[in-house]
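Asks: Need coordinates for the below:
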Amino acid sequence: MSDNIIQQNLDHTLFSWSKQAGINPISIENAKGVYLYDRSGKRYLDFSSQLMNVNIGHGDQRITAAVTRQMEEVSYVFPGMVTEARGILGAKLAEIAPPSLNKTFFTLGGAEAIENAIKLARMYTGRHKIIAQYRSYHGGSYGAISAGGDPRKFPMDSQQMPNILHVENPYFYRCPWNTSSMEECGEMAARNLEQMIIYENPDSIAGLLLGR
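Replies: Next comes the predicted model:
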């Protein structure tokens, strides 16, 4: 059964961030807490929380119950409509955020959030350049992959979004300036960023993306 499931996936689906020939994906059957289990029962520690969107863990029945309750009320509406859940979540985020940040634009994932952030920054400022960091990951969509520093984007170099600039990270473990402390490395990274802004014309910078 597991071999059939894997083959069906290989025959009829595409895998992101991977060359399609020769891949050997893990066939996951279920998950609980911090662990994923394949169809042979082998357990995997989910270090990435499946790209950070299940930080509470897998299989928490409180989440299952909440999703079920919402779907029994309404499963989906287009973005221009109002729901109770949307308003409650927006109010909660405003409550815990700094006073000036009292509105939230909801998206379906990180890459979509980055795309909209770039669009909003450019529209609001009337400027066009976005500064990002080399050691960063923002997603696999058009603008997000251009803003990120993941080398797997190199095959589409010629198709990247224009006006994305990259600077060094304050990465003391392998500090590009061979500094002797985290503070010094951070200071050098700030100087590098400042110099980039000066060279590229401060009046052209629409926003800065700080990646993880």
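
Asks: quick check: longest helix of the chain.
Replies: helix 182-200 (DSSP state H).

Asks: Kindly provide the distance from the most centrally placed residue in the chain to Gly140.
Replies: Nearest to the geometric centre of the chain sits Gly110, at 3.5 Å (Cα atoms, centre = their mean). Going from Gly110 to Gly140 by Cβ to Cβ, to the nearest Å gives 10 Å. Quick note: C-beta positions are derived from backbone N, CA and C, even for glycine.

Asks: Model confidence at the residue lying closest to Met52 once chain neighbours are set aside, what's the number?
Replies: What sits nearest to Met52 in space, not counting adjacent residues and going by Cβ to Cβ, 6 or more residues apart in numbering, is Gly110, at 7.7 Å. For Gly110, the model assigns a pLDDT of 89.

Asks: got it, and Ser141?
Replies: 91.

Asks: With adjacent residues omitted, what lies nearest to it?
Replies: With sequence-adjacent residues excluded and distances taken as Cβ to Cβ, 6+ apart, Ser141 is closest to Ala111, at 4.2 Å.

Asks: same question, Met188
Replies: Counting by Cβ to Cβ, 6+ apart, the nearest residue to Met188 once its immediate chain neighbours are dropped is Trp177, at 4.4 Å.

Asks: where's the residue nearest to Glu112 when sequence neighbours are not counted relative to Pro176, distance?
Replies: For Glu112, ignoring the flanking residues on the chain, the nearest one in space by Cβ to Cβ, 6+ apart is Ser141 at 7.0 Å. With the distance defined as Cβ to Cβ, Ser141 ends up 28 Å from Pro176.

Asks: Report the helix or strand with the lowest average pLDDT across the chain.
Replies: Each helix and strand of the chain was given a mean pLDDT (mean pLDDT, DSSP states H and E); the minimum falls on helix 49-52 at a mean of 80.

Asks: Tell me which helix or strand the nearest residue to Ile56 once chain neighbours are set aside sits in.
Replies: With Cβ to Cβ, 6+ apart as the criterion, Ile56 has its nearest non-adjacent residue at 6.8 Å, and that residue is Ile63. Secondary structure assigned from DSSP states H and E places Ile63 in helix 61-73.

Asks: Tell me which other helices or strands that helix touches.
Replies: Packing partners of helix 61-73 (3 or more Cβ pairs under 8 Å, 6 or more residues apart in numbering; DSSP states H and E): none among the helices and strands.

Asks: In CSV, please show the C-alpha coordinates belonging to it.
Replies: Coordinates of the C-alpha atoms in helix 61-73 are reproduced here as CSV (Å, rounded to 0.1, in the frame of the first residue of the first chain):
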residue,chain,number,x,y,z
GLN,A,61,-8.2,17.7,19.5
ARG,A,62,-8.9,21.3,20.6
ILE,A,63,-7.9,22.4,17.2
THR,A,64,-9.9,19.7,15.5
ALA,A,65,-13.0,20.7,17.5
ALA,A,66,-12.5,24.4,16.8
VAL,A,67,-12.1,23.7,13.0
THR,A,68,-15.2,21.5,13.0
ARG,A,69,-17.3,24.1,14.8
GLN,A,70,-16.3,26.7,12.3
MET,A,71,-17.0,24.5,9.3
GLU,A,72,-20.4,23.6,10.7
GLU,A,73,-21.1,27.4,10.7
